[in-house]
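Engineer: Show me how the following folds:
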Amino acid sequence: MPPTVSNPTPFGETQPTIPLYEEIPGFLQASYGPPSFGPPYGTTHMLGDWGGVQPWLQKRGLYLALDDYEDIAGNVSGGKRRAYSDAGQLGSTLDADLQKLMNAGSWSDDFWMHLLVVNGHGTNLSRLYGDNANQVQQIYGSRGNVVTHLVWAYFEKAWLHRKIDLAVGWFPSGTFFQNSPWVCNFMNVWLCGGESPTKFLPGSRGWPSGNIGGVLRVMPIRQFYLLGGLFAVSPHSYNGGISGWAWAQDNLGKLSTQVEAGWIPSFGRDHLIGHYKVGVMYDNSRYSDLYQDINGNSWVLSGLPVRRQSGQTSVWALADQMLIRHGTGELNGLVLGGYFGWGSGQTSQISQSFTAILMDTGAWWKRPLDSVGIAFLWSKFSRSAILSQEAAAASGLALPGGNYGTPYGIQGHEAIYEAYYGFHIVDGFTIKPDFQYVNHVGGTTVFRDAVVLSTAINVAF
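Structural biologist: Sure thing, here's the model as predicted:
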């Protein structure tokens, strides 16, 4: 526990703010193991304990955080045209310890309520320069420009010293599944908020698009966990509407089931931690085939009704391993990581994605709270999508799209090379310049490769 301070605050409290990861269930494991229960914005506040307000609230079981994230970006070359934009959001998260709040008995140990609301604003740079398949700004998407978008509102209950953990309510499945500590250090949306192609499927849409559902985690030992989830599938472009508050959308009768297993070993005297996980998602909804009509031919050419495919599946594997340790934290060292995802190509415009990353802190040059990373991201468009586009192009018809938007040309693959450096200015305040080279913009060769420069500013108040 952190030490107490000698002088009480104006609110009569004598203890400083407790870091969220030390108090909220799941933050003891956080996103680097099982799901990232609790708020996503870190554990420090730039404004300290708010003049005693934070300790006063926490003593009563309320953990409040405010965060502003702005990403100013522009493509300095390539793409459909030169453009720049700012995309950002202001977020507010509240985590309530219901035992403290209700002054309840032991039955309510580790019983929490979590709420996260964001204000989204800005413009999607990738759409401006001609990329409808990817987004170089992680903060834009699944919400548009809205005053208040509900990301999650759910209850969490843990038993047996958090060996069993249940979450029920409204939340993005990517908060729990296919999540790792390094994904949102990078700017590209193919990584952050869940990974492609799974996060773009209706049964497993990524952050900040929520689903009604429940997740059960069983973690008998610190090194191993099993995770299972069941979610209602939204057939709409936005789960819960563009604001996230419309839970009672029509046609929610189908279900998505997800299962994930994880191993979290620690090697050597330096405790070089690794995170290895595999998972699968199956959605029992019916989806339109990207190529076949009811007779198995091209619906673009025949004009016959599109074949409806029963079920949609995706699988994923994530791994990362610390190679050299610089400090006590889960990411305080040189970390090598990777990801592979596969989705049903008959109904998903992208069928395969692969990512490799290398991250470190600034410990080598006396900046231990800084971070630096490089990544390679690659996605392959499905054979069904390509066949349909080729058939349309041969007949002079408009190219059909899919769950990644309408293309400017026949798609094949898209690759992104990314590098960033995160400057830790003060507690709760970081500035992160970022470089991305986009090869085959939108998965096509219609436009020249794009070079995107951006700077993300994050302030946790």
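
Engineer: how long is stretch 183-203 from one end to the other?
Structural biologist: Stretch 183-203 has an end-to-end distance of 21 Å (Cα to Cα, to the nearest Å).

Engineer: just stretch 228-244 next, same as before
Structural biologist: With Cα to Cα as the measure, stretch 228-244 spans 23 Å from end to end.

Engineer: For that stretch, the averaged confidence score.
Structural biologist: Throughout stretch 228-244, pLDDT has a mean value of 82.

Engineer: Then stretch 334-346?
Structural biologist: 94.

Engineer: for the protein, what are the low-confidence residue spans?
Structural biologist: Residues of the chain meeting the criterion pLDDT under 70: 1-44, 141-145.

Engineer: what element comes up after the helix or strand hosting residue 121 heading to the C-terminus?
Structural biologist: Following DSSP states H and E, one finds residue 121 within strand 111-122. Remark: after strand 111-122, the chain's next helix or strand is helix 125-128, criterion DSSP H and E.

Engineer: Does anything pack onto that following helix? Which helices or strands?
Structural biologist: strand 62-77, strand 83-97 (3 or more Cβ pairs under 8 Å, 6 or more residues apart in numbering; DSSP states H and E). Where C-beta positions appear, they are placed from N, C-alpha and C, glycine not excepted.

Engineer: Including distance to residue 181, could these go into TSV?
Structural biologist: Shown next, in TSV, are those (distance: least, Cβ to Cβ, whole Å):
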stretch	distance to residue 181
strand 62-77	18
strand 83-97	18
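
Engineer: out of those strands, nearest to residue 440?
Structural biologist: strand 62-77 (14.4 Å; Cβ to Cβ).

Engineer: how about that closest one: buried residues?
Structural biologist: In terms of neighbour count (16 or more other Cβ atoms under 10 Å), strand 62-77 has its buried residues at 63-67, 69-75.

Engineer: got the CA coordinates for it in CSV?
Structural biologist: This file holds the C-alpha atoms of strand 62-77, laid out as CSV (Å, rounded to 0.1, in the frame of the first residue of the first chain):
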residue,chain,number,x,y,z
LEU,A,62,-15.8,5.5,-6.1
TYR,A,63,-12.9,5.7,-8.6
LEU,A,64,-13.3,8.5,-11.1
ALA,A,65,-11.0,9.3,-14.1
LEU,A,66,-11.1,11.8,-16.9
ASP,A,67,-9.0,11.6,-20.0
ASP,A,68,-8.5,13.5,-23.2
TYR,A,69,-6.8,11.9,-26.2
GLU,A,70,-6.1,13.9,-29.4
ASP,A,71,-4.4,12.5,-32.5
ILE,A,72,-3.3,15.1,-35.1
ALA,A,73,-2.3,13.4,-38.3
GLY,A,74,-1.6,14.0,-42.0
ASN,A,75,-0.4,12.1,-45.0
VAL,A,76,2.6,14.0,-46.2
SER,A,77,2.7,12.0,-49.5
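
Engineer: other SSEs contacting it?
Structural biologist: helix 20-23, helix 53-59, strand 83-97, helix 125-128, strand 450-460.

Engineer: Would you mind saying which of those lies nearest residue 325?
Structural biologist: Using Cβ to Cβ, these put helix 20-23 closest to residue 325, at 18.7 Å.

Engineer: need the buried residues of strand 62-77 in TSV with distance to residue 330, can you?
Structural biologist: Formatted as TSV, these follow (distance: Cβ to Cβ, whole Å):
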residue	distance to residue 330
63	21
64	24
65	20
66	25
67	20
69	22
70	26
71	25
72	29
73	28
74	33
75	34
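
Engineer: from those residues, which is closest to residue 166?
Structural biologist: Using Cβ to Cβ, the buried residues of strand 62-77 come closest to residue 166 at residue 63, 19.7 Å.

Engineer: Contact partners for residue 71?
Structural biologist: Counting by Cβ atoms under 8 Å, 6 or more residues apart in numbering, residue 71 makes contact with 86-88, 122, 137-140, 187, 454-457.
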